[in-house]
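Engineer: Take this sequence and fold it.
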Amino acid sequence: MKKILIKKFSLWWFVAAILSFIPFMSLASDSCSIDFYSKRFLTSGPIVDGTLLGHGRAVCNHPHDGFVLWLDEGGIESGGQIAAPSEPAGSIRSIRARIDTDLPAIKEEAVRGLRVITSENSVNFRILADGHQEVGPGVWRFIISAADILNNKDI
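Structural biologist: Numbering: from 1, shown residues only. The predicted structure follows:
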């Protein structure tokens, strides 16, 4: 009887020790997540400045002072062009794009993105065509990044 009681007691302590770390494990992840939905069925040809190419949301569940959103350099060629795979920048199969939001934002020229000051845990954004352009058929890869602002004093 004592052996069974000791085994149950040891198992209980093991479970209690594991459960006590769960809240800290969630605090260890201080990255933002992004959901993005591209606009389907866009046609080739002329597109006007501001044409919606997709929309999304960045989420950060820990305390912060805002977000920085940008189109990553890995997906952008010189001049903000997002090119179809194996196509040179400036070809008819490339597209210039920018990121936008409804919240007040400051342009971040260094990362070609936006700084959004908000304590909300999410921010909605859009990817828009940047200028009037002629676009041929193709597939584009948008590399969108987000980071949270932990200290708003330097802004």
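Engineer: Relative to the helix or strand hosting Ile106, what are the paired strands and their orientations?
Structural biologist: Using DSSP states H and E, Ile106 sits in strand 105-108. Sheet pairing of strand 105-108 (DSSP bridges) gives strand 113-117 (antiparallel).
Engineer: So which other helices or strands are in contact with the helix or strand just after the partner strand?
Structural biologist: Where DSSP H and E defines the elements, the next helix or strand beyond strand 113-117 is strand 122-129. On a contact count with 3 or more CB pairs under 8 Å, 6 or more residues apart in numbering; DSSP states H and E, strand 122-129 meets strand 52-59, strand 66-71, strand 94-100. (C-beta placed from N, C-alpha, C; glycine too.)
Engineer: Could you please name the strands strand 122-129 pairs with and the direction of each pair?
Structural biologist: strand 52-59 (antiparallel), strand 94-100 (antiparallel).
Engineer: Pull out the buried positions in that strand.
Structural biologist: Neighbour counts using 16 or more other CB atoms under 10 Å place 123, 125-129 of strand 122-129 among the buried residues.
Engineer: Poorly predicted segments of this protein, please.
Structural biologist: For the chain, the stretches flagged by pLDDT under 70 are 1-30, 73-93, 110-112, 152-155.
Engineer: Out of the strands paired with strand 122-129, indicate the one that is most buried.
Structural biologist: strand 94-100 (a mean of 21; mean count of other CB atoms under 10 Å).
Engineer: Next, the angle from it to strand 66-71.
Structural biologist: Strand 94-100 runs at 170 degrees relative to strand 66-71, counting by axes from the mean of the first three to the mean of the last three CA atoms, to 10 degrees.
Engineer: give me the number of residues near the closest residue to Asn61 other than its chain neighbours?
Structural biologist: Nearest residue to Asn61 in three dimensions, chain neighbours excluded: Asn121, at 5.5 Å (CB to CB, 6 or more residues apart in numbering). When neighbours are counted by other CB atoms under 10 Å, Asn121 registers 14.
Engineer: again, but for Glu134
Structural biologist: Counted with other CB under 10 Å, Glu134 comes out at 10.
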